[in-house]
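>>> task: produce atomic coordinates for the following.
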Amino acid sequence: MEKSCTFLVHFDKGSPAIATEIKEALEGSDVSAKIDAMKKAISLLLNGETLPQLFITIVRYVLPSEDHTVQKLLLLYLEIIDKKDAKGTVLPEMILICQNLRNNLQHPNEYIRGVTLRFLCRLNETEIIEPLIPSVLQNLEHRHPFIRRNAISAVMTIYKLPHGEQLLVDAPEMIEKVLSIELDQSAKRNAFLMLFNCDQDRAINYLLTNVDKVSEWGELLQMVVLELIRKVCRTNRGEKGKYIKIIISLLNSPSNAVIYECASTLVSLSSAPTAIRAAASTYCQLLISQSDNNVKLIVLDRLNELKSSHREIMVDRIMDVLRALSSPNLDIQKKTLDIVLDLITPRNINEVVLMLKKEVMKTQNGELEKNGEYRQMLIQAIHSCAIKFPEVASTVVHLLMDFLGDSNVASAIDVAIFVREIIETNPKLRVSIITRLLDTFYQIRAARVCSCALWIIGEYCLSLSEVESGIATIKQCLGELPFFSVSEEGEAPTDASKNSQQPSSVTVSSRRPAILSDGTYATQSAASETSFSPPTNVQGSLVAVNLRSHLLTGDFFLGAVVACTLTKLVLRLEEVQPSKVEVNKASAQALLIMVSMIQLGQSPVLSHPIDGDSYDRILLCIRLLCSTGDEVRKIWLQSCRQSFVKMLSEKQLRETEELKAKAQVSYAQPDDLIDFYHLKSRKGMSQLELEDEVQDDLKRATGEFIKDGDDANKLNRILQLTGFSDPVYAEAYVTVHHYDIVLDVTVINRTKDTLQNLCLELATMGDLKLVERPQNYTLAPESSKQIKANIKVSSTETGVIFGNIVYETSNVLERTVVVLNDIHIDIMDYISPAVCTDAAFRTMWAEFEWENKVAVNTIIQSEKDFLDHVIKSTNMKCLTAPSALDGDCGFLAANLYAKSIFGEDALVNISIEKQADGKLSGYIRIRSKTQGIALSLGDKITLKQKGGS
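Modelled structure (predicted):
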């Protein structure tokens with residue numbers, strides 16, 4: 001079995017030292033050679049070598065050395081060598097070192113005394129320690145604090161040994177006396193820690209006697225005091241009132257570590273509004289004062305926990321939390337905005353929006369490299385504020401519209417979506433938004449933002465002037481027609497494509513005369529500038545003709561959107577323009593633009609011709625303008641808007657349902673005991689204690705103290721590890737808590753013999769790591785033993801725990817091994833349903849490199865039932881709206897999303913169709929940033945998808 005290890009040293013395996021070389025160096029008189037030899041010996045011992053021949057050499061040649069480094073290395077050597085034989089008795093040669101240790105404990109040099117006392121803290125052999133106890137106790141009164149603090153630690157370690165109470169009967173009493181007269185802060189802390197661990201009542205008595213001086217104690221001692229308070233209050237909740245006063249007095253400590261621990265302790269012990277306010281105030285103070293980003297993130301996590309349990313108190317602190325936005329770190333900014341958005345009320349909305357507007361303005365100076373991403377987060381935050389409180393929309397919408405032409409496409413799209421929603425929900429702002437949009441349309445660079453802006457223009461330009469301005473703006477941004485012209489020599493484009501020597505020419509209109517490639521001025525009016533480079537180079541050159549540059553790069557989806565927008569505007573012009581001549585003129589111009597786009601799409605000047613969908617869409621618009629029926633007009637002018645309104649209302653409905661689901665709390669049983677607060681004795685209770693009592697009663701009444709652990713669910717987590725016919729029966733109860741897995745293993749001896757040195761040996765596969773070494777137990781006949789094993793988890797990859805139980809019996813010489821069943825750690829314990837926007841989902845889908853494609857193989861015949869079964873099996877959230885899944889068309893496509901406790905994103909796309917025989921076919925695609933989660937989820941889905949039960 002592995003030995004315990006109290007320290008680690010890096011070992012270079014490249015050139016291992018030889019024992020004879022070490023021995024020669026130790027026997028020499030050169031101190032530096034001795035030091036090197038001792039270091040090599042320690043490294044070899046730590047890596048499994050025994051080196052028995054060195055011990056006597058070290059006793060003879062190293063023990064008498066006066067060099068401090070040699071003495072320190074000697075103690076490290078003694079710490080790691082085997083001090084007992086195979087039977088567990090102390091080796092006789094260890095008596096040789098006892099005298100040396102006693103001399104060290106009485107040495108005139110403080111350093112030698114101190115390190116020897118520290119060495120005693122790591123000794124477990126009573127036979128070696130017992131003769132040294134008088135010398136240890138003498139050091140408790142030494143004049144130097146370094147020696148006193150190590151002597152106190154040594155006393156605590158000796159007292160905690162299996163028979164330590166007999167070796168040091170009155171240790172707590174002695175340490176209490178030392179504590180009362182000690183002035184050194186570290187020594188006081190060690191003394192108090194000794195009482196805390198060995199005689200808790202004395203520690204509590206000392207704390208309550210000196211309650212007025214606690215705030216003057218050192219940081220280390222205050223931290224131990226807080227630990228004691230937490231321990232006492234967990235076991236006896238009734239006494240927490242007097243301790244909470246101590247915690248609140250410590251909130252004024254100059255140490256940040258102490259006030260952070262105070263705040264955490266307050267939140268865990270009390271629900272009184274005064275205590276929670278003090279904790280929230282402390283967290284906000286730390287958030288602003290600390291420069292370390294990790295500290296800020298931890299404090300934001302604590303504030304987030306407070307927000308979920310004490311929202312009304314956190315609402316008052318919203319502006320303090322917002323100050324964390326001054327940090328340039330994106331993770332901090334994101335967490336801050338997430339907390340703030342849940343704390344918005346009608347009372348503070350204006351202040352919050354004003355602050356967010358200031359932050360948006362700050363992002364315009366390009367000092368920080370991630371300004372674009374930060375601006376996008378701010379825009380999304382303002383968007384959600386404006387949806388919850390429509391009255392603030394008017395103050396922000398015009399500011400945000402300046403960012404429609406943002407170089408960061410994602411934030412520009414967010415602005416466009418925000419404007420689209422606000423113009424529908426705030427009819428009063430319609431005119432001003434449309435006017436501003438038409439004025440700034442030429443600045444928009446991204447095709448997706450142009451598409452959204454064009455849809456807004458087509459739907460919300462209602463008056464005659466708006467419709468005319470809309471048509472004029474689109475015409476201006478398309479530039480002069482046609483989009484390309486016949487080349488200078490008079491060859492048709494088709495001929496130009498056939499002639500390999502003649503490069504194809506793309507023309508881009510411009511208001512200034514352009515020089516052709518041969519040095520002459522352009523003579524044709526439609527071809528002011530001829531470009532022989534690929535059309536992609538045109539994009540940035542002419543901002544005023546943004547639509548034209550996109551069309552010349554082959555973006556015909558945008559061309560189809562332009563055609564639809566022009567069609568809507570012309571149809572609306574027919575309703576608001578009395579002059580038929582003007583209507584016909586506008587209609588003819590729109591038709592010319594559409595025909596020119598089709599002509600461009602079919603010409604050889606572009607590397608990619610127009611796609612079929614866009615071609616059909618533009619052709620439909622041409623047909624519509626040539627002959628309009630009332631039904632078609634109604635679809636184009638009314639139904640599109642109605643669909644959008646329906647989408648918005650559905651989104652709102654979904655959000656309110658989610659909020660209702662969150663608000664549902666478990667209530668206490670009707671026959672539970674009621675504790676009447678008004679009938680309680682208030683004698684000697686402070687205001688804080690009264691508040692705390694009231695909050696506890698409220699929690700009991702609303703069922704917050706009731707654990708949601710279901711007994712039936714617990715039984716599902718019990719795993720049988722051995723068979724019923726094995727001599728040792730074992731079963732494990734697996735508890736998964738975030739980064740830890742606790743195995744509570746019950747081992748039953750089913751034989752009539754006593755099992756000696758019984759050991760539960762475990763090994764792990766995947767990202768799991770055993771925390772502690774297995775121990776040996778002795779098990780009486782037909783008795784049982786509970787063994788706990790802790791395992792750390794570092795990722796969501798499916799882990800496996802396997803192992804065996806090894807034991808000895810008196811009548812069999814060799815050890816018996818019982819192999820255990822494997823324990824598979826379920827990925828479902830680590831992932832939870834989460835929500836993200838469609839845009840974020842698409843971005844992640846494009847970025848993530850790991851994909852696992854699982855073919856659908858199920859006996860379920862309904863598409864909707866299969867989707868529900870997968871959602872239930874994978875513990876994911878369906879992002880696709882329920883309305884999109886309604887109906888029965890034989891096809892279904894849905895997006896699912898979940899987040900792991902390690903912050904990993906899991907994306908799933910389900911695409912299925914019903915075959916003629918009624919069976920479902922299709923694929924489930926899983927994408928993630930890391931391989932582990934994609935494979936684990938795929939395995940889970942493959943296992944569960946049949947879904948017979």
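
>>> just the buried residues of stretch 459-474, please?
Going by neighbour count (16 or more other C-beta atoms under 10 Å), the buried part of stretch 459-474 is Glu459, Tyr460, Cys461, Glu466, Val467, Glu468, Ser469, Gly470, Ile471, Thr473, Ile474. In short, each C-beta sits where N, CA and C put it, glycine included.

>>> so the fourth one is in which element?
Assigning secondary structure by DSSP states H and E places Glu466 in helix 464-478.

>>> returning to what we had before: quick check: the farthest pair among the buried residues of stretch 459-474?
Greatest spatial distance among the buried residues of stretch 459-474 (C-beta to C-beta): Glu459 and Glu468, at 16.3 Å.

>>> got CSV for the buried residues of stretch 459-474, with pLDDT and distance to Phe802 too?
CSV is the format used below for the buried residues of stretch 459-474 (pLDDT from 0 to 100; distance: C-beta to C-beta, whole Å):
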residue, pLDDT, distance to Phe802
Glu459, 91, 63
Tyr460, 91, 65
Cys461, 90, 69
Glu466, 91, 72
Val467, 91, 74
Glu468, 92, 77
Ser469, 93, 74
Gly470, 93, 70
Ile471, 92, 73
Thr473, 92, 70
Ile474, 92, 68
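
>>> report pLDDT for the residue nearest to the spatial centre of the chain.
Closest residue to the average C-alpha location of the chain: Gly903 at 3.3 Å, with C-alpha atoms, centre = their mean. At Gly903, the pLDDT value in this model is 78.

>>> list the contacts of the closest residue to Arg448 other than its chain neighbours.
Using C-beta to C-beta, 6 or more residues apart in numbering and skipping residues adjacent in sequence, the residue nearest Arg448 is Ile413, 5.6 Å away. By C-beta atoms under 8 Å, 6 or more residues apart in numbering, the contact list for Ile413 reads Ala446, Arg448, Val449, Cys452, Ala839.

>>> if we can go back for a sec, just checking, what packs against the helix holding Glu466?
Counting contacts by 3 or more C-beta pairs under 8 Å, 6 or more residues apart in numbering; DSSP states H and E, helix 464-478 is packed against helix 430-440, helix 447-460, helix 546-552, helix 556-576, helix 580-602.

>>> any idea which of the ones you listed gets closest to Leu768?
Using C-beta to C-beta, the helices and strands packed on helix 464-478 put helix 447-460 closest to Leu768, at 44.1 Å.

>>> show me what that closest one is packed up against.
helix 409-425, helix 430-440, helix 464-478, helix 546-552, helix 556-576, helix 640-663.

>>> before we move on, which element is Ala906 in?
strand 905-914.

>>> Gln602: how many residues sit nearby?
By the criterion of other C-beta atoms under 10 Å, Gln602 has 12 neighbours.

>>> hmm, I typed the wrong one, I wanted Pro328.
Using other C-beta under 10 Å: Pro328 sits among 14 other residues.

>>> between helix 430-440 and the helix holding Glu466, find me the angle.
For helix 464-478 against helix 430-440, the angle by axes from the mean of the first three to the mean of the last three C-alpha atoms, to 10 degrees is 20 degrees.

>>> quick one, helix 464-478 and helix 580-602 angle?
Using the same axes, to 10 degrees: helix 464-478 against helix 580-602 is 30 degrees.

>>> low-confidence ranges, the stretch 201-350 of the chain, go.
Along the stretch 201-350 of the chain, the model assigns pLDDT under 70 to residues 238.

>>> so where do the helices sit in it?
Applying DSSP state H, counting those that start in this stretch to the stretch 201-350 of the chain gives helices spanning 219-235, 240-250, 256-269, 273-289, 293-309, 311-315, 318-322, 330-341, 349-362.

>>> figure out which of the ones you listed is closest to Ala560.
Short answer: helix 349-362, nearest of the helices of the stretch 201-350 of the chain by C-beta to C-beta, at 32.9 Å.

>>> quick one, the helix or strand following the closest one and helix 349-362 angle?
Next along the chain after helix 349-362, taking DSSP H and E as the criterion, comes helix 371-388. Put simply, helix 371-388 runs at 160 degrees to helix 349-362, going by the same axes, to 10 degrees.

>>> got the buried residues for the next helix or strand along the chain from helix 371-388?
Helices and strands here follow DSSP H and E; after helix 371-388, the next one along the chain is helix 393-401. For helix 393-401, a neighbour-count test (16+ other C-beta under 10 Å) marks Ala393, Val396, Val397, Leu400, Met401 as buried.

>>> packing partners for helix 393-401?
So helix 393-401, by 3+ C-beta pairs under 8 Å, 6+ apart, packs with helix 349-362, helix 371-388, helix 409-425, helix 430-440.

>>> now the second one: average pLDDT?
Spelled out, it's helix 371-388. Across helix 371-388, pLDDT averages out at 84.

>>> so what touches it?
Counting by C-beta under 8 Å, 6+ apart, 330, 333-334, 337, 340-341, 344, 349, 352-353, 356-357, 359-360, 363, 368, 392-393, 396-397, 400, 403, 406-408, 410-411, 414-415, 417-418, 421-422, 425, 837 sit against helix 371-388.

>>> so for stretch 421-440, first residue to last residue, what's the gap.
In stretch 421-440, first residue to last residue: 18 Å (C-alpha to C-alpha, to the nearest Å).

>>> please list the residues outside that stretch that contact it.
With C-beta under 8 Å, 6+ apart as the criterion, stretch 421-440 contacts 383, 386-387, 390, 393-394, 397-398, 401-402, 404-405, 419, 453, 456-457, 460-462, 466, 469-470, 473, 641, 644-645, 648.
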